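# Requesting a structural model of the entry that follows:
(one chain, ligands or ions: 1)
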Amino acid sequence: MCNWEQAWLAYELIENQKDKKYFESVYTQQNGVLVESALREIKTAAEKLFSITVRRGENREEAGLILELNPALNLGKEGYQITEEEDRIYIRAAKENGLLYGTFRLLLMVSSGKEITGISIREIPSNPVRMLNQWDNIDGSIERGYAGRSFFYENGKVCVTERIRDYARLLCSVGINGVSINNVNVRNGAEWLISERHYKELEQISHIFAQYGISMYLCIDFAAPMTLGGLSCADPLKEEVKDWWEKKCGEIFGRLPNMGGFLVKADSEGRPGPFAYGRNHADGANMLARAVKPYGGTIIWRCFVYNCQQDWRDRRTDRACAGYDNFMPLDGKFDDNVILQIKNGPIDFQVREPVHPLFGGLQHTNQMLEVQIAQEYTGQQIDVCYLVPMWKEVLDFSTGCGKPEDTVADIISGRTFGQQRCGMAAVANTGRDANWTGHDLAGANLYGFGRLAFDPRLSAEEIASEWISLQISRDSDVNRSISDILLRSREVYEKYTAPLGIGFMVNPAHHYGPNPEGYEYSKWGTYHRADHLAVGVDRSAGGTGYSEQYFEKNAALFREKGTCPENLLLFFHRVPYTYRLHSGKTLIQHIYDSHFEGHEQVLQMQKDWELLEGRIPQHIFLRVKERFTRQAENSREWCDVINSFFYRKSMIPDEQGREIF
Ligand code: GCV
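Numbering: from 1, shown residues only. Predicted structure coming up:
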């Protein structure tokens, strides 16, 4: 017995067994590794869903389910079609990857109670790369991990366990095709992952991943030629450095044949990079890209680069501007096997940020969107916060870049500028907890990321409902109640935390709970500059100029207080407490009201959850109940601290005379 659950691959027994007929016998002429995985999965699912043992039929005529490879089908490597024809289900694809995805799709449809009789669907993933980034450290801890320790590492060693297979199954079932398995902050021994010390175990992991169509990526230390190779520098333009990486890559790709490439955090938050040698990011990324090119490898290079020690007196430097300032001048200078990985917003995964202006800005460079499933700033898997609606806002954002297909979803799919290597990545929220994600409801974010990366047109509602049916209950009333909690949760979280896009009012370092001045006086200074009259940073044309990094259509909205979307007002503007919002309320009154409301809405969600007792598995009910108790305390604390902070700054009382300390 394993000590972890199967999340959305639990395949609970189905009461209505009408689809059983399709699964008694399966036929395929294919024998590849991915098809073997598909057949294994069909067997596992059918045993649990219908209590039957599937036969692999010799005869096509007898089979209820047929997996057919047809290279002539116009479905790309990973697309599939599923149809019912004469009482049989056909899964067809041009490549094995598509057959495996199609199989999972069918099984999840059945498991979630969807109708498959008469099915006729055709799916091709929108994003070529759909990736998870594990921030796991080699000592077994996880940076920003809220679901227990790592299942990839323990005490400096790489672990190879059955759990990794179940992880790969989960990811593949929602279409993930790449995973970087170590923290982007490569330190404390993780530098040595690309060495003889760890190849054996890494090879085993990459072999497991390969059975599910997942490429393995490693994060590397840009200074590895020095740390590992004993060279005197890591200058990307020096011949000995290039030679070192070329040899190293020959070794790595020789030992780990399923390697996708490297993910690199350079010149960011203390990590080494090309700046030390007067070189730029293109110099650094291209040098590595050339070293991995002979093996078909890709370099994913992060754009999260900013001055993390900004002097508080310096009002022109703005962390929000840094990504664009660093990377826009390099557009078109990166090799074709480099992808720039861009966080959804210009600061750092706050609950509300504008979309990063590099999207649409960069037109001659491969790019990927990076989001954070791990809830670093959105409740740390203690508070419920369903993130799919936020990601949809980002994907649907129209950049105004002058092309007909100009949304972020279009750009990262490659449609807008004709890129081949592009897509979506997310910081994972998984760990050793039995339920994988700490908070059971955070499973919806992991599932949702995969589904959305495959098909960004899916709605947040559809994804929530699918996930609930798979992981919690097929009952439609239960589904409605839980969907309702999920769909409210981000807005509620936003209400009781930092107001109107101001962000970063969290406790420094660990980032949970309120501390409005925590970063105001630290060396990491991410400022809101609240005083007795106003709060916010003027990022308009007359301020730091950040609003001008957008195309005119959006810049025109953001640069004026009156047209700026109000949920981002304090991101873009410095606003007096007496300023009237569209609602007619003053800013200060809005802050008070939204914090009281946010806390009350948490109490309401908590009550709604209590009503589910006896209607869902008791272990899930109890685990989430415990999280709601903590969320209720947290939201109370946020409400008290933020309201008291603004009251004492402004000395303007709450119109409703509620208790503010
Ligand atoms: C992995 C934020 C987080 C860091 C993280 C960094 C990044 O600053 O707080 O923990 O480091 O983002 O994305 O590299």
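# how close does whatever residue of the stretch 351-500 of the chain ends up closest to the ligand sit to Ala509?
Closest contact between the stretch 351-500 of the chain and the ligand, by CB to the nearest ligand atom, is at Glu376 (6.0 Å). In this view, the C-beta of every residue, glycine as well, is placed from N, C-alpha and C. Per CB to CB, to the nearest Å, Glu376 is found 11 Å from Ala509.
# What about the residue nearest to the residue of the stretch 351-500 of the chain closest to the ligand when sequence neighbours are not counted, how many residues nearby?
Excluding the flanking residues, the one nearest Glu376 by CB to CB, 6 or more residues apart in numbering is Arg144, at 4.4 Å. Residues near Arg144, counting by other CB atoms under 10 Å, number 18.
# hang on, Arg144 packs against Ala374?
Yes. Under the criterion of CB atoms under 8 Å, Arg144 makes contact with Ala374 at 4.8 Å.
# got any residues that touch both of these two?
Shared contacts of Arg144 and Ala374 (CB atoms under 8 Å, 6 or more residues apart in numbering): 135, 427.
# quick one: buried residues of the host helix or strand of Phe209?
Assigned by DSSP states H and E, Phe209 falls within helix 199-210. Applying a neighbour-count criterion of 16 or more other CB atoms under 10 Å, one finds 199, 201-203, 205-206, 208-210 buried in helix 199-210.
# before we move on, what about stretch 370-380?
370-380.
# got it, and stretch 65-83?
If you call a residue buried by 16+ other CB under 10 Å, then stretch 65-83 has these buried ones: 65-69, 73, 75, 78-82.
# Closest to the ligand out of those?
Glu78 (27.7 Å).
# Tell me which residues touch the nearest residue to the closest one once chain neighbours are set aside, please.
Nearest residue to Glu78, sequence neighbours excluded (CB to CB, 6+ apart): Asn97, at 4.7 Å. Under the criterion of CB under 8 Å, 6+ apart, the contact list for Asn97 reads 34, 77-78, 177, 213.
# likewise Gly213?
34, 78, 96-97, 100-101, 172, 177.
# Nearest to the ligand among those?
Among the contacts of Gly213, Asn177 lies closest to the ligand (CB to the nearest ligand atom), at 21.7 Å.
# Pretty sure the closest one sits against Ile214.
Yes. Shown here, Asn177 and Ile214 form a contact pair, counting by CB under 8 Å, at 5.8 Å.
# Do you have the strands of the stretch 301-450 of the chain handy? List them.
Secondary structure of the stretch 301-450 of the chain by DSSP state E, counting those that start in this stretch: the strands cover 338-343, 367-372, 423-427.
# Looking at those strands, which one is packed in the most?
strand 423-427 (a mean of 27; mean count of other CB atoms under 10 Å).
# If you count surrounding residues, which of Asn177 and Ile214 has more?
Per other CB under 10 Å, whichever of Asn177 and Ile214 has more neighbours is Asn177, with 27 against 24.
# near the ligand, which residues of this protein show up?
Counting by CB under 6 Å from any ligand atom, the positions of the chain adjacent to the ligand are 135, 143-144, 184-185, 265, 304, 348, 376.
# In the protein, where is pLDDT below threshold?
For the chain, the stretches with pLDDT under 70 are 1.
# Have a look at it and report its longest helix.
Identified as the longest helix of the chain according to DSSP state H is helix 618-650.
# Would you mark the buried spots in it?
620-621, 623-624, 627-628, 631-632, 634-635, 638-643, 645-647, 649-650.
# show me what contacts the residue nearest the centre of the chain?
With distances taken as CA atoms, centre = their mean, the residue of the chain nearest its centroid is Ala426 (2.6 Å). Neighbouring residues of Ala426 by CB under 8 Å, 6+ apart: 131-133, 370-373, 449, 453.
# from these, which single one is nearest Val388?
Using CB to CB, Phe449 comes nearest to Val388 of the contacts of Ala426, at 7.8 Å.
# From Pro346, how far out is the nearest residue to the closest one once chain neighbours are set aside?
Of all residues not flanking Phe449 in the chain, Ala426 sits nearest, at 4.8 Å (CB to CB, 6+ apart). Counting by CB to CB, the separation of Ala426 from Pro346 is 18 Å.
# Now do the contacts for the closest residue in space to Arg539 that isn't next to it in sequence.
Distance criterion CB to CB, 6+ apart; nearest residue to Arg539, sequence neighbours excluded, is Tyr546 at 3.8 Å. Contacts for Tyr546 (CB under 8 Å, 6+ apart) come out as 318, 320-321, 346, 357, 539-540, 572.
# Looking at these, which one is closest to Phe596?
Comparing the contacts of Tyr546 against Phe596 with CB to CB places Phe572 closest, at 25.4 Å.
# mind listing what that closest one touches?
With contacts defined as CB under 8 Å, 6+ apart, Phe572 is in contact with 354, 501, 536, 538-540, 546-547, 558-559, 564.
# Helices of the stretch 301-450 of the chain, start to end?
For the stretch 301-450 of the chain, the helices defined by DSSP state H, counting those that start in this stretch occupy 319-327, 358-361, 388-396, 408-413, 443-454.
# Quick check: which of the ones you listed is buried the most?
Comparing those by mean neighbour count (mean count of other CB under 10 Å), helix 443-454 comes out on top with a mean of 26.
# CA atoms of that one as PDB?
The C-alpha trace of helix 443-454 is given here as PDB (Å, rounded to 0.1, in the frame of the first residue of the first chain):
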ATOM      1  CA  GLY A 443      -5.500  20.000  -6.400                       C
ATOM      2  CA  ALA A 444      -7.800  22.100  -8.700                       C
ATOM      3  CA  ASN A 445      -4.900  24.400  -9.500                       C
ATOM      4  CA  LEU A 446      -2.500  21.600 -10.500                       C
ATOM      5  CA  TYR A 447      -5.100  19.900 -12.600                       C
ATOM      6  CA  GLY A 448      -6.300  23.300 -14.000                       C
ATOM      7  CA  PHE A 449      -2.900  24.400 -15.000                       C
ATOM      8  CA  GLY A 450      -2.400  21.300 -17.200                       C
ATOM      9  CA  ARG A 451      -5.900  21.500 -18.700                       C
ATOM     10  CA  LEU A 452      -5.500  25.200 -19.500                       C
ATOM     11  CA  ALA A 453      -2.000  24.900 -20.900                       C
ATOM     12  CA  PHE A 454      -3.400  22.300 -23.300                       C
END
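# That helix - contacts with which helices or strands?
Helix 443-454 is packed against strand 129-133, helix 162-173, helix 388-396, strand 423-427, helix 460-471, with contacts defined by 3 or more CB pairs under 8 Å, 6 or more residues apart in numbering; DSSP states H and E.
# Repeat the analysis, applying 7 Å as the threshold.
If contacts are counted by 3 or more CB pairs under 7 Å, 6 or more residues apart in numbering; DSSP states H and E, helix 443-454 sits against strand 129-133, helix 388-396, strand 423-427, helix 460-471.
# so what strands line up beside the third one?
Sheet pairing here is set by DSSP bridges, and for strand 423-427 it gives strand 129-133 (parallel), strand 367-372 (parallel).
# of all these, which lies closest to Ile412?
Here strand 367-372 is closest among the strands paired with strand 423-427 (CB to CB), at 4.9 Å.
# residues in contact with the closest one?
129, 300, 339-344, 349, 391, 394, 408, 411-412, 422-427 (CB atoms under 7 Å, 6 or more residues apart in numbering).
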